[in-house]
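J.: sequence unknown, structure follows:
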Ligand code: TYM
């Protein structure tokens with residue numbers, strides 16, 4: 001077994017990326033590229049587990065690539081490519097479909113949430129989505145996977161699949177068991193309208209999220225309208241236990257201002273939420289708007305974005321072909 005640390009993560013190209021993607025995942029992607037070999041993937045095959053308009057999908061693949069670059073990913077340090085361009089992902093997913101168990105998939109809460117009340121009508125792809133995720137990670141023998149807290153259960157499944165493969169094919173340590181890298185302070189950014197739900201692309205109201213492409217005016221309006229609390233900011237965390245919206249605003253502020261929550265409370269106790277909201281809008285405009293501007297600029301140069309994906313694809317393919325050859329051998333495929 002090698003001791004090499006390899007980072008893999010993916011983001012779905014299903015429309016506007018938002019503050020949750022940025023704080024929960026992208027920012028961490030950027031800091032990891034300084035320390036380890038990193039592979040970052042626009043997971044277009046995951047996106048089509050629910051229907052995507054083909055024209056929009058192509059555009060969204062490029063826009064997610066642009067968002068990676070605008071957030072600070074450096075294509076000379078990290079491998080950046082789209083999943084469907086490396087056929088090994090789909091091939092390994094099939095092999096892992098035969099390793100993974102129906103009982104394991106039946107426990108996946110994200111499938112239950114996404115499929116809703118009529119599971120019979122969900123695509124088969126949506127059901128086996130976590131197996132494809134395991135394939136993404138194991139295809140590169142990744143050891144570390146930076147994700148938001150919502151992906152934790154899928155990562156545990158990837159570990160179970162890796163372990164079962166190693167046992168079934170009597171090759172201990174062949175697949176490393178990937179470690180999730182979930183940030184402690186801000187692993188789940190919540191909706192600005194409902195502090196019990198995560199901020200998400202699929203929530204109907206645009207007021208529920210800050211998009212990376214939002215204008216300064218949008219940000220001011222959304223933060224102003226965000227739910228918080230009618231009572232002043234408390235001194236201690238305990239008083240925020242039953243106030244998820246207020247906690248969410250303070251959490252986001254704590255992350256963006258790089259101050260821990262305790263010291264934010266110390267500084268702000270007794271003040272109205274309008275006070276923290278004003279400061280938060282200013283900081284968000286400073287950090288997010290330049291990224292949005294870069295995304296828009298990059299989207300005017302599609303040839304450049306295509307070239308980034310092409311180069312990334314070439315590098316990813318070399319690694320994937322080599323690993324897949326060994327995986328096929330283990331399974332006995334000729
Ligand atoms: P996706 O596209 O839904 O989200 C991309 C990343 O953003 C994180 N995230 C959040 N973090 C904090 N708060 C939020 N409100 C929030 N919303 C999203 C997600 O946790 C994720 O890290 N299945 C994955 C993509 C994937 C993948 C992989 C990830 C496919 N293959 C292999 C890791 C490894 C997904 O749908 O992420």
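T.: Happy to help now that I have it. Quick caveat: nothing in here was measured; it's all calculated off a predicted structure. Numbering: from 1, shown residues only.
J.: next, the contact list for residue 31, please.
T.: Contacts here follow C-beta atoms under 8 Å, 6 or more residues apart in numbering; on that basis residue 31 touches nothing. Backbone N, C-alpha and C define where each C-beta goes, glycine included.
J.: name the element it belongs to?
T.: If you go by DSSP states H and E, residue 31 is part of helix 27-32.
J.: so which bits of that helix are buried?
T.: Using 16 or more other C-beta atoms under 10 Å as the test for burial, helix 27-32 gives 27, 28, 29, 30, 32.
J.: for the stretch 1-150 of the chain, which residues score under the pLDDT cut-off?
T.: 1-2 (pLDDT under 70).
J.: all helices of it, in order?
T.: Ranges of helices in the stretch 1-150 of the chain, per DSSP state H, counting those that start in this stretch, are 19-21, 27-32, 44-47, 54-71, 88-97, 102-105, 109-115, 124-138.
J.: so of those helices, which one's packed in deepest?
T.: Highest mean neighbour count of the helices of the stretch 1-150 of the chain: helix 19-21, a mean of 24 (counted as mean count of other C-beta atoms under 10 Å).
J.: how about that helix and the ligand, touching?
T.: Yes - contact between helix 19-21 and the ligand, assessed by C-beta under 6 Å from any ligand atom, occurs at 20, 21.
J.: now do the contacts for residue 145.
T.: 7, 8, 9, 137, 151, 155, 158, 178, 179, 180, 181.
J.: close to the ligand, is the helix holding residue 31?
T.: No - Helix 27-32 lies out of reach of the ligand by C-beta under 6 Å from any ligand atom, never closer than 8.5 Å.
J.: and that helix, how far out from the chain's middle?
T.: Distance of helix 27-32 from its chain centroid, counting by C-alpha atoms, centre = their mean, to the nearest Å, is 12 Å.
J.: get me the contact residues on the protein for the ligand.
T.: Counting by C-beta under 6 Å from any ligand atom, the positions of the chain adjacent to the ligand are 8-12, 20-21, 24-25, 43, 46, 133, 136-137, 145, 147-148, 150-151, 188-189, 198-199.
J.: return the subset of those lying in strands.
T.: 8, 9, 10, 11, 145 (DSSP state E).
J.: give me the number of residues near the closest residue to the ligand within the stretch 201-334 of the chain?
T.: When scored by C-beta to the nearest ligand atom, the stretch 201-334 of the chain has residue 201 as its residue closest to the ligand, at 7.4 Å. Counted with other C-beta atoms under 10 Å, the neighbours of residue 201 add up to 14.
J.: and for residue 303?
T.: 6.
J.: tilt between the helix or strand that contains it and helix 88-97?
T.: In the assignment (DSSP H and E), residue 303 maps to helix 302-331. With axes from the mean of the first three to the mean of the last three C-alpha atoms, to 10 degrees defining the directions, helix 302-331 sits at 30 degrees from helix 88-97.
J.: what comes up buried for helix 302-331?
T.: Within helix 302-331, the residues scored as buried using 16+ other C-beta under 10 Å are 305, 308-309, 312-313, 315-317, 319-320, 323-324, 327, 330.
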